[in-house]
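K.L.:
my questions concern the predicted model and sequence given below.
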Amino acid sequence: MQRRDILLRSAAAGAVAAFPALLHAQALDKPKLTIAVGGKNLLYYLPLTIAESLGYFKAEGLEVTIADFAGGSRALQAVVGGSADVVSGAFEHTLNMQVKGQRMRAFALQGRAPQIVLGINPKTMPAFKGVADLKGKKIGVTAPGSSTNVLANFVLAKAGLKASDVSIIGVGAGSGAVAAMRSGQIDAMSNLDPVITLLQRSGDLKIISDTRIVAEADKVFGGPMPAGCLYAPQTFIDKNPLATQALANALVRADKWIQAAGPGEIIKAVPESYLLGDRAVYIDAFLAAKGALSVDGLFPEAGPETARRALASVDPEIAAAKLDLQAVYTNEFVKKANAKYPKA
């Protein structure tokens, strides 16, 4: 009887310990959801990876599936098509979708600068002097229509070139992008880390525009340019405010953990495949990108207007549109997340 009592008490204690987590999960309006991302291995989306690998989503009662695509535009298509609920992608897509009559709202920031680097191939363009030399050349981007494509168009436009003056080629965000550059399939590249650092260290890339540096990004775009973020259809947010809050909580924890972490901790927290076979390169890439990652998940108030100006300079439809910039983002959820998690 004594042994039986001990077993019963142990079982009861275990049930009580598990009950709060179970209750938390049941209380969420959507405990199971899918996040679509374009190039999950990129440092651009490091907070998403950290939230997953350190169990921050689970701690909030969420069961998250992350679907990885070749670029941000493909990830957006997944949500529009209904196969995913939330996008981990570039902020400017929220403005593009408003023009198309689809309300998308960003609710947690991952990057306070785009981290996108435009560089040329020294082998195919040894006599490169300026951006104008890219006319008629092949430029590799993660995927056509993605933020890497937008930045390339923006830099080209500032040099007097149109998007039609170059050939845009989707090369992804990993080993395929590296191979395309090294084999000479492309003359220039708009991509992110760790791809950029790997190519730069091997002498296969010469940087001409670097928005990993916040000050340079602000100069290029004329103000703060929000980058990677979590965004979703307004209908999802309205229907699932608790799940949206849980996502924001997890991401803010990840943002803060990254800022307090050392390179060694980062290496341990990301999958081996992210390192592209070279840990030293990944560490260098992390140190180069760290300053461009958000420290608290908050969107800068001037950010939406900066994004609108950048897009308007290359897209006549956006230039002519009257956009409601307050409708493309909210800091409501991350403010509550910061109150819940004041420290990393």
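P.N.:
Right, received. Where do you want to start?

K.L.:
tell me where the stretch 101-250 of the chain has helices.
P.N.:
In the stretch 101-250 of the chain, the segments counted as helices under DSSP state H, counting those that start in this stretch are 147-158, 175-182, 195-201, 214-221, 234-239, 241-260.

K.L.:
which residue ranges make up the domains of the chain?
P.N.:
Annotated domains of the chain cover 31-114+225-340, 117-210 [automatic domain parsing].

K.L.:
figure out which of those is closest to A217.
P.N.:
Within the domains of the chain, the stretch nearest A217 is domain 31-114+225-340; the backing value is 3.8 Å (Cβ to Cβ). Placement of C-beta: from N, CA and C, glycine included.

K.L.:
how long is the closest one end to end?
P.N.:
With Cα to Cα, to the nearest Å applied, domain 31-114+225-340 spans 19 Å between its terminal residues.

K.L.:
now do it: distance to the chain's middle.
P.N.:
5 Å (Cα atoms, centre = their mean, to the nearest Å).

K.L.:
pretty sure D193 sits against N41.
P.N.:
No: D193 is not in contact with N41 according to Cβ atoms under 8 Å; the separation is 9.8 Å.

K.L.:
quick one: buried residues of stretch 331-344?
P.N.:
Neighbour-count burial for stretch 331-344 flags N331, F333, V334, A337, N338, Y341 (criterion: 16 or more other Cβ atoms under 10 Å).

K.L.:
repeat for stretch 99-114
P.N.:
Using 16+ other Cβ under 10 Å as the test for burial, stretch 99-114 gives R103, M104, R105, A106, F107, A108, L109, Q110, G111, R112, A113, P114.

K.L.:
show me which of those residues is closest to A27.
P.N.:
Nearest to A27 among these, with distances taken as Cβ to Cβ, is F107, at 19.2 Å.

K.L.:
tell me the secondary structure for the residue nearest to that closest one when sequence neighbours are not counted?
P.N.:
Sequence neighbours aside, F333 is the residue nearest to F107 in space, at 4.8 Å (criterion: Cβ to Cβ, 6 or more residues apart in numbering). Under DSSP: H, G, I helix; E, B strand; the rest coil, F333 falls in the helix class.

K.L.:
my guess is F333 meets A106, correct?
P.N.:
No: if you go by Cβ under 8 Å, F333 and A106 don't touch, sitting 10.2 Å apart.

K.L.:
quick one on the thing from earlier: save the domains of the chain as TSV, and put in mean pLDDT and distance to E216 too.
P.N.:
Compiled in TSV, the domains of the chain are given as follows (pLDDT from 0 to 100; distance: least, Cβ to Cβ, whole Å):
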stretch	mean pLDDT	distance to E216
domain 31-114+225-340	96	8
domain 117-210	95	6
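
K.L.:
OK, contacts around E60?
P.N.:
Residues in contact with E60 (Cβ atoms under 8 Å, 6 or more residues apart in numbering) are H24, A246, L247, N249, A250.

K.L.:
measure how buried A27 is and give me the count.
P.N.:
For A27, the neighbour count with other Cβ atoms under 10 Å is 11.

K.L.:
surely it meets L242?
P.N.:
Yes: with contacts counted by Cβ under 8 Å, A27 reaches L242, the gap being 6.8 Å.

K.L.:
and the buried residues of stretch 99-114, which is closest to P126?
P.N.:
Once Cβ to Cβ is applied, the member of these that ends up nearest P126 is P114, at 27.8 Å.

K.L.:
in contact with the closest one, which residues?
P.N.:
Y44, A90, S147, L151, T211, A217, M225, A227, A292.

K.L.:
try 6 Å this time
P.N.:
P114 is in contact with T211, A217, M225, A227, counting by Cβ atoms under 6 Å, 6 or more residues apart in numbering.

K.L.:
need those residues in JSON lines with distance to W257, can you?
P.N.:
Shown next, in JSON lines, are the contacts of P114 (distance: Cβ to Cβ, whole Å):
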{"residue": "T211", "distance to W257": "23"}
{"residue": "A217", "distance to W257": "23"}
{"residue": "M225", "distance to W257": "24"}
{"residue": "A227", "distance to W257": "19"}
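
K.L.:
which of the residues you listed sits closest to K137?
P.N.:
Taking Cβ to Cβ as the measure, K137 lies nearest T211 of the contacts of P114, at 20.5 Å.

K.L.:
how many other residues sit next to that closest one?
P.N.:
Applying other Cβ under 10 Å, we find 24 residues neighbouring T211.

K.L.:
where does L33 fall, phi/psi-wise?
P.N.:
For L33, the backbone dihedrals (degrees, to the nearest 10) come out as phi -150, psi 170.
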